[in-house]
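> got a predicted model here, sequence first, then my questions.
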Amino acid sequence: MTSIADTVKDLAPRNNELLSILSATDHAAPTLEEQKRYINDLNKELSTVQKHVIALDKQRVKEFKEHKKYRDSVVKRFAYRVGGKTDKFQAKAEKEEHEYFAVLQTEQQAKEQEENIKSMRSKALEVQSDLEVEAARHTEAQHQLDNLYDSIFQGPTPAFPHEDRSEQNAESALQSYHNSRVKVETELRVVHLLTEAWERLQNALNYTEDALSHSRMDMFGGGTLSDMMERNALDKAENQASQMLSLVQQAQRLSQHVHDLPTVGIAHGSLMSDVFFDNIFTDMAFHDKIKDSRSSLHRARENLHDQLVSAKSRHQEAEQEMNVNAAALKTAREELQKAREGFFKRVADGSTGEHPIPAADNPPPY
């Protein structure tokens, strides 16, 4: 008949292997939990943007019909001409064209935002898939270790209170580690989002500087080409600013420490001004509006810089706390392992040091 000592000796290598797997995959469960929350936020944001795209598409179709009505209507054009109101017809046609292209631009920006979120979601799902494998490996190792100990320590072990206390300490240390790990992952995600927002803001500033450059040329007779390049740069600036705000909002959903940025406004041109009232005064006035846009971006950049510094600081503090908890967990597990090793040794010796334990293959005393 196999003795308990022989059983402990035979299972020792497997015990060490399972403990090694648990140590290597401790991070999986809390990180997976945070990743799922992040993907859930992306799903909500994607749903909102997709609804916005659908609404904009309907509006675009409506505006196109109005635009086409004036663009292709020979009868309307003739009627205005007969009435000596050619300029009024042209202004109305330009207005409908402007409204159509404004909606078209907004829809394009929304679609780009949709694709950006889809890309982020795709990458996040890949990370989740890897974490699920690690979490499953951790769960399976823990299950096998529980079975291994149950096969040896089935039932209460009042003769070994030190082992029971060590086990409780290890469980408490593991929970503390998991909590701190979630905090680290959350703050790291906030840092990444704010860093991306910072990059978008820098892009918006660069495009705004381009717009100012084209605006200067326009003031000195740059003409239609300068107007077009100016508008194109401002459209790109607005797109980047929109993405920046979206990223900051994602960070706000993860951390209450992230606050709203100062209002950012990107200047918009006017076809009426560019076509009918294009002169040095209107060009100078719009140049000042672009400067205001740049100023609003600078204010947002200063605020975002401070928030990014704070987020990095919180992440470092959380990481330090996690490292302390990881060390405490390692110590608790080592103490538990020592307690169980001592338990194994005492069982093999046939005594706990307090109460004799008969060997499994010895007959009971008479």
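Arrived safely, thanks for sending. Numbering: from 1, shown residues only.

> can you give me the helices for the stretch 151-300 of the chain?
161-219, 223-254, 271-275, 280-349 (DSSP state H, counting those that start in this stretch).

> now these in a markdown table, with distance to Ala110 and mean neighbour count?
Glycine gets a C-beta too; all of them are placed from N, C-alpha and C. As requested, those are exported to a markdown table (distance: least, C-beta to C-beta, whole Å; neighbours: other C-beta atoms under 10 Å):
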| stretch | distance to Ala110 | mean neighbour count |
| --- | --- | --- |
| helix 161-219 | 16 | 19 |
| helix 223-254 | 9 | 20 |
| helix 271-275 | 22 | 16 |
| helix 280-349 | 20 | 17 |
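
> just give me the lowest mean pLDDT stretch among those.
Confidence, taken as mean pLDDT, is least for helix 271-275 of the helices of the stretch 151-300 of the chain (a mean of 47).

> mind checking which of the helices of the stretch 151-300 of the chain is nearest Tyr100?
helix 271-275 (10.8 Å; C-beta to C-beta).

> just to revisit the earlier point, and the helices of the stretch 151-300 of the chain as a markdown table, adding distance to Leu131?
Shown next, in a markdown table, are these (distance: least, C-beta to C-beta, whole Å):
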| stretch | distance to Leu131 |
| --- | --- |
| helix 161-219 | 10 |
| helix 223-254 | 17 |
| helix 271-275 | 52 |
| helix 280-349 | 17 |
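
> mind checking which of those helices is nearest Val133?
When these are compared (using C-beta to C-beta), the closest one is helix 161-219, at 17.3 Å.

> the closest residue to Gln144 other than its chain neighbours is in what secondary structure piece?
Spatially, and ignoring its direct neighbours in sequence, Gln144 is nearest to Leu18 (5.8 Å; C-beta to C-beta, 6 or more residues apart in numbering). If you go by DSSP states H and E, Leu18 is part of helix 4-24.

> now do Glu140
helix 86-153.

> which helices and strands does that helix pack with?
helix 4-24, helix 28-72, helix 74-82, helix 223-254, helix 271-275 (3 or more C-beta pairs under 8 Å, 6 or more residues apart in numbering; DSSP states H and E).

> which one of these lies nearest to Gln168?
helix 4-24 (17.1 Å).

> report the angle between that closest one and helix 280-349.
170 degrees (axes from the mean of the first three to the mean of the last three C-alpha atoms, to 10 degrees).

> what helices or strands is helix 4-24 leaning on?
helix 86-153, helix 280-349.

> and that helix with helix 161-219, angle?
10 degrees.

> what's the average pLDDT for helix 4-24?
pLDDT averaged over helix 4-24 gives 78.

> C-alpha coordinates for that helix, CSV please?
Taking Å, rounded to 0.1, in the frame of the first residue of the first chain, the C-alpha atoms of helix 4-24 are listed here in CSV:
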residue,chain,number,x,y,z
ILE,A,4,1.3,9.4,2.1
ALA,A,5,5.0,10.2,2.1
ASP,A,6,5.4,8.4,-1.2
THR,A,7,2.3,10.2,-2.6
VAL,A,8,3.8,13.6,-1.6
LYS,A,9,7.1,12.7,-3.1
ASP,A,10,5.6,11.5,-6.4
LEU,A,11,3.4,14.7,-6.7
ALA,A,12,6.1,17.2,-5.8
PRO,A,13,7.3,17.9,-9.4
ARG,A,14,3.8,18.3,-10.7
ASN,A,15,3.1,20.7,-7.8
ASN,A,16,6.1,22.9,-8.7
GLU,A,17,5.1,22.9,-12.4
LEU,A,18,1.5,24.1,-11.7
LEU,A,19,2.7,26.8,-9.3
SER,A,20,5.1,28.0,-12.1
ILE,A,21,2.2,28.2,-14.6
LEU,A,22,0.1,30.2,-12.1
SER,A,23,2.8,32.7,-11.5
ALA,A,24,3.3,33.2,-15.3
